[in-house]
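Novice: Build me a structure from this.
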Amino acid sequence: MSTLDRGHKPEFVLISGAAGGVGSATARRFAADGAKVAVTDINAERLKELADEIGGLALPADGTQREAVRDVVAQAVTEFGGLDTVIAGQGAAVSGNASAKGDPAWFKAFDVNLHGGFYLVSEALPHLAARRGSIVMISSSAGTHSGPPGTVGYTAAKAGVIGLVRWLARDFGPRGVRVNAVVPGWVRTPLGEGAMSYLAQRENITVDEAYALATSHVPLRRAAEPEEIAAVCAFLASPDASIVTGHALVADGGGAAVDTATIVFD
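Specialist: Residues are numbered from 1 along each chain as shown. You can find the predicted model right below:
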């Protein structure tokens, strides 16, 4: 039997974007698996409710500000004595187009969806290296294909997440840190509900019918539940994924496997 060190089950976990659907589900999953969990988000009220629910540590902060993120990491490390896993889950859909008028939306989309995650993982990396830990960053199918009209910044930023993951995996792998991305498609979260509410209004249908319409050509014919994405995060952070790094794991019900040019045959 190999004596290679395949890591250990995460004991100390820090999750950003934890007030959102995927972030909160991921916090619950790691807590249920026995980890001590610190959660951060700009929404302090929801964050406290989640921390109280799971017995975790609430660290409210504006995740687009490096100084605030540095304080979050320092507080988590002080409380726990180290970090094993960081889940960079903060994100938001920001509407904007490729024009001068769209510049504010472009920069906001990058601040929330890429820069904040970069600040978090870069501040945490020395602590993760000390325990041969791991990072999981949440991208999107928009980052591997393209998002809907009006989401140019979101699309580019989520593509940037995957590029960042690959670079970090290459640079920090020799120090024992694994870095991966999860690439969800539609997920039943408040963010997803916003898009589906728009579609429902446009098509004069219900939100559930909008989800069905949006996933009508996805092989599994449904959106993901937040708990399913949380399970993927838990796997990537676990010793079961000890050889997996630099990978963008697509969790979209099979949507990425479909050739759009052949949808007409479905």
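Novice: Backbone dihedrals for Asn97, please?
Specialist: Per-residue torsions, Asn97: phi -120, psi 170 (degrees, to the nearest 10).
Novice: What is the longest strand of the chain by residue count?
Specialist: Ranked by residue count, the top strand of the chain under DSSP state E comes out as strand 178-184.
Novice: Which elements pack onto that strand?
Specialist: In terms of contacts (3 or more Cβ pairs under 8 Å, 6 or more residues apart in numbering; DSSP states H and E), strand 178-184 is packed against strand 134-138, helix 152-172, helix 226-237, strand 248-251. All C-beta spots, glycine's among them, are computed from the backbone N, C-alpha and C.
Novice: any idea of the mean pLDDT in the third one?
Specialist: It stands for helix 226-237. The pLDDT scores in helix 226-237 average 98.
Novice: In CSV, please show the C-alpha coordinates belonging to it.
Specialist: C-alpha atoms of helix 226-237 as CSV (Å, rounded to 0.1, in the frame of the first residue of the first chain):
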residue,chain,number,x,y,z
PRO,A,226,-27.7,24.0,-3.8
GLU,A,227,-26.9,20.9,-1.7
GLU,A,228,-25.7,19.1,-4.9
ILE,A,229,-23.1,21.8,-5.6
ALA,A,230,-22.1,21.8,-1.9
ALA,A,231,-21.5,18.0,-2.2
VAL,A,232,-19.1,18.7,-5.1
CYS,A,233,-17.3,21.2,-3.0
ALA,A,234,-17.0,18.8,-0.2
PHE,A,235,-15.6,16.1,-2.5
LEU,A,236,-13.0,18.4,-4.0
ALA,A,237,-11.8,19.4,-0.5
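Novice: got the angle for it vs strand 178-184?
Specialist: Orientation of helix 226-237 against strand 178-184 (axes from the mean of the first three to the mean of the last three Cα atoms, to 10 degrees) gives an angle of 160 degrees.
Novice: Okay, buried residues for helix 226-237 please.
Specialist: Across helix 226-237, burial judged by 16 or more other Cβ atoms under 10 Å covers 226, 228-234, 236-237.
Novice: got any ranges where the protein has weak pLDDT?
Specialist: Where the chain drops to pLDDT under 70, the residues are 1-5.
Novice: what ranges do the strands span in it?
Specialist: For the chain, the strands defined by DSSP E occupy 12-16, 36-40, 57-58, 85-88, 134-138, 178-184, 248-251.
Novice: Can you spell out which helices and strands pack onto the first one?
Specialist: Just to be clear, that refers to strand 12-16. helix 21-32, strand 36-40, helix 66-80, strand 85-88, helix 116-130.
Novice: Turn the strands of the chain into TSV, including mean neighbour count.
Specialist: Output for the strands of the chain, formatted as TSV (neighbours: other Cβ atoms under 10 Å):
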stretch	mean neighbour count
strand 12-16	29
strand 36-40	28
strand 57-58	19
strand 85-88	30
strand 134-138	28
strand 178-184	26
strand 248-251	18
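Novice: want to try JSON lines for those, with distance to Ile263 as columns?
Specialist: Below are the strands of the chain laid out as JSON lines (distance: least, Cβ to Cβ, whole Å):
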{"stretch": "strand 12-16", "distance to Ile263": "35"}
{"stretch": "strand 36-40", "distance to Ile263": "39"}
{"stretch": "strand 57-58", "distance to Ile263": "44"}
{"stretch": "strand 85-88", "distance to Ile263": "33"}
{"stretch": "strand 134-138", "distance to Ile263": "27"}
{"stretch": "strand 178-184", "distance to Ile263": "20"}
{"stretch": "strand 248-251", "distance to Ile263": "18"}
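Novice: quick one: Asn180 and Ile138 touch, right?
Specialist: No: counting by Cβ atoms under 8 Å, Asn180 sits too far from Ile138 to count as a contact (10.5 Å).
Novice: Look up how far Thr144 lies from Asp33.
Specialist: As judged by Cβ to Cβ, to the nearest Å, Asp33 and Thr144 stand 28 Å apart.
Novice: hmm, back to that, for Ala100, find the nearest of the helices and strands packed on strand 178-184.
Specialist: Checking the helices and strands packed on strand 178-184 against Ala100 by Cβ to Cβ gives helix 152-172 as the closest, at 12.8 Å.
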